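J.: Predicted model, plus sequence, below.
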Amino acid sequence: MEKITPTECPVIIYPPGTDITPIEGANSIGNVTFQETKSIEILAPYVEAYYSARENTLTMNAIIYVAAEAIKNEVLDYSIIQNTYIDIEGQAQLQFFIVYNQPEELSGDLFIYEIIFQADSNIFIGGLSNLTSIQTFLWDIDPVTSRGTETAVKSGA
């Protein structure tokens, strides 16, 4: 049997859930160059999550770092997938996957993008007001690497 390494694997893997990609797109807010450290690894996103009781909305603000090679015509091609899972206590929880294709080459040049999006309460079975945290992942569409973070939900009026 022939061994296939992940970089040779022709399969594109998408995360579970429903596409909730906002129409507005991602905002480029700058770039950074790492002079000594070059990597094919994805950096974890920085995410803030706010629940508005008045509007019953959960809004996420995610800052992501993307290799320059993933940007086409100054636009980041991405999607956001919302997934519900049941934790070990039997409570519904939310996961978000920011999906794009990260090149499998070393890079020290990264673009910084801000993505603002809202959870779709119609497809979340647990009630947004019950959430204390969410999980957000950067998901590379090939099986080499993905990174994530858990974020506390802040509540407001």
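T.: Structure received.

J.: who's in contact with Lys34?
T.: Lys isn't right for residue 34; it's Phe. Phe34 makes contact with 108, 110, according to CB atoms under 8 Å, 6 or more residues apart in numbering. For every residue, glycine as well, the C-beta is placed using N, CA and C.

J.: at 6 Å instead, please
T.: Phe34 makes contact with Gly108 under the criterion CB atoms under 6 Å, 6 or more residues apart in numbering.

J.: Just the pLDDT for it.
T.: Per-residue pLDDT puts Phe34 at 75.

J.: can you check Ser155 too?
T.: For Ser155, the model assigns a pLDDT of 86.

J.: where's it, which helix or strand?
T.: strand 146-156 (DSSP states H and E).

J.: got a list of contacts for that strand?
T.: By CB under 6 Å, 6+ apart, strand 146-156 touches 42, 44, 47, 49-52, 131-140.

J.: part of a strand, is Tyr50?
T.: Yes. Applying DSSP: H, G, I helix; E, B strand; the rest coil, one finds Tyr50 inside a strand.

J.: Could you list the low-pLDDT ranges of this structure?
T.: 1-10, 36-41, 103-107, 142-147, 157 (pLDDT under 70).

J.: got the contact list for the residue positioned nearest the centre of the chain?
T.: The centroid of the chain falls nearest to Ile98 when counting by CA atoms, centre = their mean (2.7 Å). If you count contacts by CB under 6 Å, 6+ apart, Ile98 has them with 78, 80, 138.

J.: helix/strand/coil for it?
T.: strand.

J.: is the closest residue to it other than its chain neighbours in a bridge, and if so with what?
T.: Leaving aside its chain neighbours, Ile98 sits nearest to Leu138 (5.3 Å; criterion: CB to CB, 6 or more residues apart in numbering). Counting by DSSP bridges, Leu138 is bridged to Ile98, Arg147.

J.: does Leu138 really touch Ala44, like I thought?
T.: No. Between Leu138 and Ala44 there is no contact under CB atoms under 6 Å: 7.2 Å.
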